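*Asks:* what's the 3D shape of this:
(2 chains)
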Amino acid sequence: MAELDTSGGGKHKGGKVRSKKASTRIDLTAMVDLAFLLITFFMLTTTLAKKKEMDLAMPDNSVKTAQLPVAATRTMTILLGSHNKVEWYMGETGKSAPTVDNFGKDGIRKALVENGKNVEATHAAPDNFMIVLIKPSDKSTYENLVAALDEMNITGVKSYAIVKILPIELGDLQKNGLY
Amino acid sequence: MPRVKVARKSTFIDMTAMCDVAFLLLTFFILTAKPRVEDPIKAEVPVSSKEKAVPEENLATLTVGGKDQVFYSVTGSDIRQEALKAMGDKYHVQFTPEEARKFANIEIFGVPMAQLKSYINMDEDQRKTFTQAGIPTDTTNNSELSNWILTSRQADKALHDKALDIAIKGDKKEQYPMINKIITVLGQQKLFKFSLITDLKMAPKK
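*Replies:* Prediction:
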């Protein structure tokens, strides 16, 4: 009933040629099948999860500008070691013992939030945000660096920089078996 | 008991509407689909909570992975062609217009200049099986990678009057010294702002 009629014009009766009225309905099953097959194919091949990007600004170290003195107590240094571990300390290098920590909610993030609050409480109003120095060692991975930068974003640290690690800090990492 | 006669219904359903919807969706998916560029190395990018999408135009991507290899890709075939010409002049390699045209279709590559000519002249299948050595990189501002970035930036400036964005797509297991090297290369060209390509991870609730 719904197939394309291909049987031609019917019997010749009398003299008049009367063409048979063909049904206008076509069987669409095969067409729909094909259409859905293609839809499935295109749906599965398109990438829905687009890649994201994280902006990073490095300081221009080719020009020497007068640098503002900053209280050492406002800085927190994060050393990125091997085995996805970090070490952090407040203030100047070598003055306080570093704490070994790992990435994630209960690790470095907690420390960042707590130290941030401490700095805010102990310093005078306009300059009371914490400054974080990220120092990746040669044994840390790219993932660690991105994770550390992401923590800055999550905890809302206003001022941070990637800085070259010092030999004394490498020694510290070595002592804790992270280098 | 009289037999209940079930009226025989036709099994034919009107599929016109279904067909319409199917083709509408099909058209949509065909138009939005973008051929995925096959990376020569599997660079598994780290996750972050940033939600900014990677721009689709005006972007040069440095893919780092494998054995500290760097692969280079830049959007826009006109920029690629122009950059190739400038690189050919710099390294004294002559490229025919045919080769330049072929190169414009290569989305991502990682071969030194010395091998580039033969790489361009390979066909699709040969390219797939060919192991690319990566673009030679060092921290001076005269390495091949540095020159590729420089020539692409110049081409973008000349052709579109835009500043080319740079993105680093690194494998998460990549060691830091290699990333540092790339950052240094960019720094030497006074490129201090660039982006790191990441996958989205849901930001934790505060």
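
*Asks:* what packs against the host helix or strand of A:Asp101?
*Replies:* In the assignment (DSSP states H and E), A:Asp101 maps to strand A:99-102. Strand A:99-102 is packed against strand A:85-90, helix A:108-122, with contacts defined by 3 or more CB pairs under 8 Å, 6 or more residues apart in numbering or on different chains; DSSP states H and E. Backbone N, C-alpha and C define where each C-beta goes, glycine included.

*Asks:* how about low-confidence regions in chain A?
*Replies:* A:1-15, A:47-50, A:62, A:66, A:94 (pLDDT under 70).

*Asks:* quick one: the strands in chain B?
*Replies:* Here chain B has its strands, by DSSP state E, at B:47-48, B:52-53, B:59-65, B:69-74, B:165-170, B:193-200.

*Asks:* name every strand pairing with the strand holding A:Asp101 and say which way it goes.
*Replies:* Paired with strand A:99-102 in the same sheet, following DSSP bridges, are strand A:85-90 (antiparallel).

*Asks:* would you map the helices across chain B?
*Replies:* Ranges of helices in chain B, per DSSP state H, are B:16-32, B:77-91, B:97-104, B:113-120, B:124-129, B:144-160, B:176-188.

*Asks:* CSV please, covering those and showing distance to B:Gln69, mean pLDDT and mean neighbour count.
*Replies:* Below are the helices of chain B laid out as CSV (distance: least, CB to CB, whole Å; pLDDT from 0 to 100; neighbours: other CB atoms under 10 Å in any protein chain shown):
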stretch, distance to B:Gln69, mean pLDDT, mean neighbour count
helix B:16-32, 32, 87, 14
helix B:77-91, 18, 84, 18
helix B:97-104, 19, 84, 15
helix B:113-120, 13, 82, 16
helix B:124-129, 16, 80, 10
helix B:144-160, 11, 85, 19
helix B:176-188, 9, 83, 19
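
*Asks:* verify the stated contact: B:Phe109 with B:Phe130.
*Replies:* No. Look at B:Phe109 against B:Phe130 with CB atoms under 8 Å: they stay out of range, at 10.3 Å.

*Asks:* the two: who's more crowded?
*Replies:* More neighbours surround B:Phe109 than the other of B:Phe109 and B:Phe130, with 20 against 14 (other CB atoms under 10 Å in any protein chain shown).

*Asks:* from the chain's centroid, how far away is the host helix or strand of A:Leu133?
*Replies:* Per DSSP H and E: A:Leu133 is located in strand A:131-136. Relative to its chain's centre, strand A:131-136 lies at 19 Å (CA atoms, centre = their mean, to the nearest Å).

*Asks:* just checking, what packs against it?
*Replies:* Here strand A:131-136 touches strand A:75-80, helix A:142-155, strand A:159-162, going by 3+ CB pairs under 8 Å, 6+ apart.

*Asks:* swap the cut-off to 10 Å and go again
*Replies:* Contacts defined by 3 or more CB pairs under 10 Å, 6 or more residues apart in numbering or on different chains; DSSP states H and E place strand A:131-136 against strand A:75-80, strand A:85-90, helix A:108-122, helix A:142-155, strand A:159-162, helix A:167-175, helix B:176-188.

*Asks:* and of the helices of chain B, who's closest to chain A?
*Replies:* Closest to chain A of these is helix B:16-32 (CB to the nearest CB; 3.4 Å).

*Asks:* is chain A within reach of that closest one?
*Replies:* Yes. Counting by CB under 10 Å from any CB of the partner chain, chain A is contacted by helix B:16-32 at B:16, B:18-32.

*Asks:* switch the helices and strands packed on strand A:131-136 over to CSV; also include distance to B:Thr139.
*Replies:* As requested, these are exported to CSV (distance: least, CB to CB, whole Å):
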stretch, distance to B:Thr139
strand A:75-80, 20
strand A:85-90, 26
helix A:108-122, 29
helix A:142-155, 17
strand A:159-162, 16
helix A:167-175, 20
helix B:176-188, 5
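
*Asks:* and the helix ranked longest in chain A, how far out from the chain's middle?
*Replies:* In chain A, taking DSSP H as the definition, the longest helix is helix A:29-45. The chain centroid and the centroid of helix A:29-45 are separated by 33 Å under CA atoms, centre = their mean.

*Asks:* can you list contacts of it?
*Replies:* A:2, A:28, B:12-13, B:15-16, B:18-36 (CB atoms under 10 Å, 6 or more residues apart in numbering or on different chains).

*Asks:* go again using 7 Å as the cut-off
*Replies:* Contact partners of helix A:29-45, identified using CB atoms under 7 Å, 6 or more residues apart in numbering or on different chains, comprise B:15, B:18-19, B:22-23, B:25-26, B:29-30, B:33.

*Asks:* next SSE downstream of it?
*Replies:* Helix A:29-45 is succeeded, C-terminally, by strand A:52-57 (DSSP H and E).

*Asks:* near chain B, which residues of chain A show up?
*Replies:* Residues of chain A lying close to chain B (CB under 7 Å from any CB of the partner chain) are A:1-2, A:28-29, A:31-32, A:35-36, A:38-39, A:42-43, A:45-47, A:49-60, A:105, A:136, A:138, A:140-143, A:145-147, A:150, A:153-154.
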